[in-house]
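Q: let me see the structure of the following:
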Amino acid sequence: MSTNINIRVDEELKNALQGYARLEGKTVSEVVLDAVREKLENDYDYALALLAYESVDLSDTTTLADMCAEAGIEYESL
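A: Now for the predicted structure:
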């Protein structure tokens, strides 16, 4: 089920959205929804990346060869 959300934009942005929608063969609603989804996904991915980075032990000196050995992968075959 979908619902409506109204936003106010200036005439220049409205025209740009309408022109882009025509080029893409989409409705203005589809263009805006795609942009919002992409923005949310990018921000979420960025937030996860920051959390991952903060959890990294920068003093860890484990090499790729060490990880391969631990996983049972032949390093030289990579």
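Q: so what pLDDT did the most centrally placed residue in the chain get?
A: The centroid of the chain falls nearest to residue 42 when counting by C-alpha atoms, centre = their mean (2.8 Å). pLDDT recorded at residue 42 is 98.
Q: give me the distance from stretch 34-52 to the chain's centre.
A: When C-alpha coordinates are averaged (C-alpha atoms, centre = their mean, to the nearest Å), stretch 34-52 and its chain have centres 4 Å apart.
Q: mind saving the C-alpha coords of it as PDB?
A: Taking Å, rounded to 0.1, in the frame of the first residue of the first chain, the C-alpha atoms of stretch 34-52 are listed here in PDB:
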ATOM      1  CA  ASP A  34      14.100   6.600  -7.100                       C
ATOM      2  CA  ALA A  35      16.300   9.500  -5.900                       C
ATOM      3  CA  VAL A  36      15.000   9.200  -2.300                       C
ATOM      4  CA  ARG A  37      15.700   5.500  -2.300                       C
ATOM      5  CA  GLU A  38      19.200   5.900  -3.700                       C
ATOM      6  CA  LYS A  39      20.000   8.600  -1.100                       C
ATOM      7  CA  LEU A  40      18.700   6.400   1.800                       C
ATOM      8  CA  GLU A  41      20.700   3.400   0.500                       C
ATOM      9  CA  ASN A  42      23.900   5.400   0.100                       C
ATOM     10  CA  ASP A  43      23.600   7.000   3.600                       C
ATOM     11  CA  TYR A  44      22.900   3.600   5.200                       C
ATOM     12  CA  ASP A  45      25.800   2.000   3.400                       C
ATOM     13  CA  TYR A  46      28.000   4.900   4.500                       C
ATOM     14  CA  ALA A  47      26.900   4.600   8.100                       C
ATOM     15  CA  LEU A  48      27.600   0.800   8.000                       C
ATOM     16  CA  ALA A  49      31.100   1.500   6.500                       C
ATOM     17  CA  LEU A  50      31.800   3.900   9.400                       C
ATOM     18  CA  LEU A  51      30.800   1.300  11.900                       C
ATOM     19  CA  ALA A  52      33.000  -1.300  10.200                       C
END
